[in-house]
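Student: take this sequence and fold it.
(one chain, ligands or ions: 1)
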Amino acid sequence: MGVTLGVALAESGHRVHWASEGRSTATLRRAASAGFADRQSLPGLTRAVEGIICVCPPEAALEVAASVERNGFSGLYVDANAVSPDTGARLADMLGERYVDGGIVGLPARSPGSTRLFLSGPHAVEAAEWFGSGFIETVVLGERPGAAKALKMCYAAYTKGSSALLLAIRALAEVEGVTDALLTEWSRSQPGLAERSERTAQSVSPKAWRFSGEMLEIAATFEAAGLPGGFHGAAADVYQRMADLKNADHAQIADVIERLLSERVG
Ligand SMILES: NC(=O)c1ccc[n+]([C@@H]2O[C@H](COP(=O)([O-])OP(=O)(O)OC[C@H]3O[C@@H](n4cnc5c(N)ncnc54)[C@H](OP(=O)(O)O)[C@@H]3O)[C@@H](O)[C@H]2O)c1
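Tutor: Below you'll find the model as predicted:
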């Protein structure tokens, strides 16, 4: 996702920099092929740029912001990761006025209309103006920090939450020996659901390892709002059990069921 945001910034007339220290060769290759200038370390990066957009696994968002803060960065800082409004508030405490709350909905931006960057906070309009061209559509949700994070949490609560539910149901049916009967009933009364569960297994498996952190952020968001967070706590567990399917491009529903049942006792 990060590289496609950088490409949109370049298409909007900005020079895009990044820091390669600690990153994998896959990330290095993506950034090099997009033509981003490598400043190698965070001190080098913070000296070179006027604004930063952070796109990384949700569980690293606080750590990245703290490193940027330690380097004395004084420009706008957009955190675009899938974290809760409370985590967003901690980022705002750390970064102060220059923090912009962000959340991304959609696929990595490679075609028009595919991807929206929601922004909120006092400097949200300024950050939205960075994207004059390219495939990222910006949506400003006002000056209230936390709104962009909340929108992302609500959106992913349904998309990734319902995927985890569907996969867990397929595993349950297997344990109970009713898979064939369930698929037959689904084909009669829930047309398309069996196929959806199979497509979900294929599409989610390679990314499941990084969904559990996001599910925990969603659970925390529900709980902070006085709503039950247990559903997404369980979804985090489902995705955690699938973590070793990272980068498994051809995983099938049977592979997922095997992972989900791996911790079963008896
Ligand atoms: N992909 C999507 O469709 C999508 C949609 C909406 C929102 N998002 C959000 O975008 C964010 C990133 O997702 P993604 O799909 O782009 O994940 P990704 O393909 O796994 O890329 C994550 C990138 O973050 C880097 N990274 C890992 N740990 C880091 C750290 N401690 N500090 C700095 N960088 C680090 C990784 O580098 P290494 O290669 O070195 O690990 C990699 O380049 C998440 O918050 C996600 O919720 C993604």
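Student: close to the ligand: what parts of the stretch 1-150 of the chain are there?
Tutor: Residues of the stretch 1-150 of the chain lying near the ligand by CB under 6 Å from any ligand atom: 1-2, 23-24, 26-27, 55-58, 60, 63-64, 81-82, 104, 107-108. Every residue, glycine included, has its C-beta placed from N, CA and C.
Student: may I see the PyMOL selection of the buried members of the residues you listed?
Tutor: Buried residues among those (16 or more other CB atoms under 10 Å), as a PyMOL selection:
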select buried, resi 1+2+55+56+58+64+81+82+104
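Student: which one's the longest strand in this protein?
Tutor: strand 99-106 (DSSP state E).
Student: run me through the strand neighbours of that one, direction for each.
Tutor: Strand pairing for strand 99-106, determined by DSSP bridges: strand 76-79 (parallel), strand 115-120 (antiparallel).
Student: mean pLDDT added to the ones you listed, as JSON lines?
Tutor: Listed next are the strands paired with strand 99-106 as JSON lines, based on pLDDT from 0 to 100:
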{"stretch": "strand 76-79", "mean pLDDT": "98"}
{"stretch": "strand 115-120", "mean pLDDT": "98"}
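Student: how about the helices in the stretch 151-266 of the chain?
Tutor: 179-189, 193-204, 211-224, 230-241, 253-260 (DSSP state H, counting those that start in this stretch).
Student: and the stretch 1-150 of the chain, by the same measure?
Tutor: Under DSSP H, counting those that start in this stretch, the stretch 1-150 of the chain gives helices at 2-11, 25-34, 42-48, 61-70, 85-95, 124-128, 147-176.
Student: so what's Phe36 up against?
Tutor: By CB atoms under 8 Å, 6 or more residues apart in numbering, the contact set of Phe36 is 3, 6, 10, 16-18.
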